[in-house]
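>>> what's the 3D shape of this:
(one chain, ligands or ions: 1)
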Amino acid sequence: MSVPLFDLTRQYQTMKEEIMAEISALCDSQMFINGPKVDKLEKEIAAYCTAGFGCGVTSGSDALIISLMVAGIKAGDEVITTPFTFFATVGAIVRVGATPVFADIDPATFNIDPAKIEAKITPRTRAVIPVHLFGQAADMTGIMKIAKAHKLVVIEDCAQAIGAECNGKRVGSFGDFGAISFFPTKNLGGFGDGGMVVTSDPDKAALLKCFRNHGQGGTYIHKFVGGNFRLDALQAAVLSIKLKYLDSWSETRVRNAESYRKLFAEYGVTEITLPQVAPYANRMIYNQYSVLVSGGKRDALRAYLGERKIGCNVYYPLSLHLQECFAYLGGKPGDYPVSERVSQEILSLPIYPESTEEMRREVVSSIADFMKK
Ligand SMILES: *Cc1c(COP(=O)(O)O)cnc(C)c1O
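Predicted coordinates for the structure are as follows:
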């Protein structure tokens, strides 16, 4: 039995008519830029994240870039973030001319360790970007305490974690900005690229809207240099429909994670570390189900599962301080030992809501077979 890592086609079939009717109506109107669909989604996502305002943008990557721009982060500024994240988190910092500074991760959650942040603060530090990786909230209580003490801007990278909570509070509502991605494989995915920034500050919300439209104040009157960071109305229309189902999908992901835990116990697989959820991360939404395979066996297991047509992937194989494009920052092997070890051991297994118990049994029994070899 083959088990894909994702299968977006099954979800689409359950709401095809509803979505096609919206797309058809929008095509009839030919109102593709801004407009009521984008306004509606912004209000819905802001409410969902318990933040005051939403600003639809082109992608999660641009949500990070525009947040940094509005915060006035520029050349000479330092921004502290995790070395274990998707490239865009760090790419955004460089794109605005600032310097990324890494702080290592917590080995249990794979998120930035607040205890490692303080030592990285210099007079040039302006901001911190915690990432809520794989759907689990970073320790925002610890991070906000440090940020307040040092007057740092906080941009939460919520790309993988819409609806996740830290101590009962939604991600994106702690910091100055929360950056969300609607890339198709995120928990709330559009029909292409899209993203949003949420904020609880009305002044920042107004600036975000100005910056996403080339910094335009009045018609063709520009106070700032922004960019074209607008979210397509077509994407907003699709996302508003899908948002209604998001909670049930996220709950199913949690149930699927429980089912994995039981199956790994049933098959007696102990060589693998299952995802650990921190006590404060009381709503983990499992954008990925990422396990650790120790003993240098990860790549062999990945190849073995590949032969059995079981989808799995490595997020992420190389700690960002070791990427060629960041060599100028002077990172060396050994600088961030937890991030480096996790990048060697991590493997993500299928967890999407439409995956079945039978599929998970195939995944776990195959891993058990591999471990017996
Ligand atoms: C997906 C992702 C992004 C970028 O989002 P896009 O919409 O693909 O540009 C940024 N950060 C993290 C952690 C992500 O997973």
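
>>> per-domain residue ranges of this protein.
8-103+110-243, 246-372 (automatic domain parsing).

>>> mind checking pLDDT for Ala218?
You called it Ala, but residue 218 is Gly. Per-residue pLDDT puts Gly218 at 89.

>>> what's the most buried one of the domains of the chain?
domain 8-103+110-243 (a mean of 20; mean count of other CB atoms under 10 Å). (C-beta placed from N, C-alpha, C; glycine too.)

>>> in this protein, what residue is nearest the ligand?
As assessed by CB to the nearest ligand atom, the ligand sits closest to Gly60 within the chain, at 2.4 Å.

>>> any idea of the mean pLDDT in stretch 315-331?
Rounded mean pLDDT across stretch 315-331 is 98.

>>> who's in contact with it?
83-87, 90, 94, 99-100, 102, 134, 288, 290, 332-333, 335-336, 339-340, 343, 346, 348 (CB atoms under 8 Å, 6 or more residues apart in numbering).

>>> Now with 6 Å, please.
Pro83, Val90, Phe102, Asp335, Tyr336, Ser339, Glu340, Ser343, Ser348 (CB atoms under 6 Å, 6 or more residues apart in numbering).

>>> show me the contacts for the residue of the chain closest to the ligand.
Ala159, Ala179, Ser181, Gly195.

>>> Would you confirm that the third one contacts Asp157?
No: contact status for Ser181 versus Asp157: not in contact, 8.8 Å apart, counting by CB atoms under 6 Å.

>>> Quick one: name the residues of the stretch 51-200 of the chain near the ligand.
59-61, 85-86, 88-89, 131, 157, 159-160, 181, 183, 193, 195 (CB under 6 Å from any ligand atom).

>>> which ones among those residues are found in helices?
Gly60, Ser61, Ala88, Thr89 (DSSP state H).

>>> Throw those residues into a markdown table and include pLDDT, thanks.
Output for those, formatted as a markdown table (pLDDT from 0 to 100):
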| residue | pLDDT |
| --- | --- |
| Gly60 | 98 |
| Ser61 | 98 |
| Ala88 | 98 |
| Thr89 | 98 |
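
>>> Let me know the closest of these to His214.
The nearest member of those to His214, counting by CB to CB, is Ser61 at 18.1 Å.

>>> Excluding chain neighbours, what is closest to that closest one?
Residue nearest to Ser61 in three dimensions, not counting chain neighbours: Ala88, with 4.0 Å by CB to CB, 6 or more residues apart in numbering.

>>> related to what we said a few turns ago, distance to Met1 added to the domains of the chain, as JSON lines?
Shown next, in JSON lines, are the domains of the chain (distance: least, CB to CB, whole Å):
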{"stretch": "domain 8-103+110-243", "distance to Met1": "15"}
{"stretch": "domain 246-372", "distance to Met1": "5"}
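
>>> and Ser2, which of these is closest to it?
domain 246-372 (3.6 Å).

>>> and that closest one with the ligand, contact?
No: using CB under 6 Å from any ligand atom, domain 246-372 never reaches the ligand; the gap is at least 7.6 Å.

>>> from the middle of its chain, how far away would that domain be?
Centre-to-centre, domain 246-372 and its host chain are 16 Å apart (CA atoms, centre = their mean, to the nearest Å).

>>> circling back to that earlier point, out of the contacts of Gly60, list just those in strands.
Judged by DSSP state E, the subset of the contacts of Gly60 located in strands is Ala179, Ser181, Gly195.

>>> For the second one, give me its contacts.
Under the criterion of CB under 6 Å, 6+ apart, the contact partners of Ser181 comprise Gly60, Ala159, Gly195.
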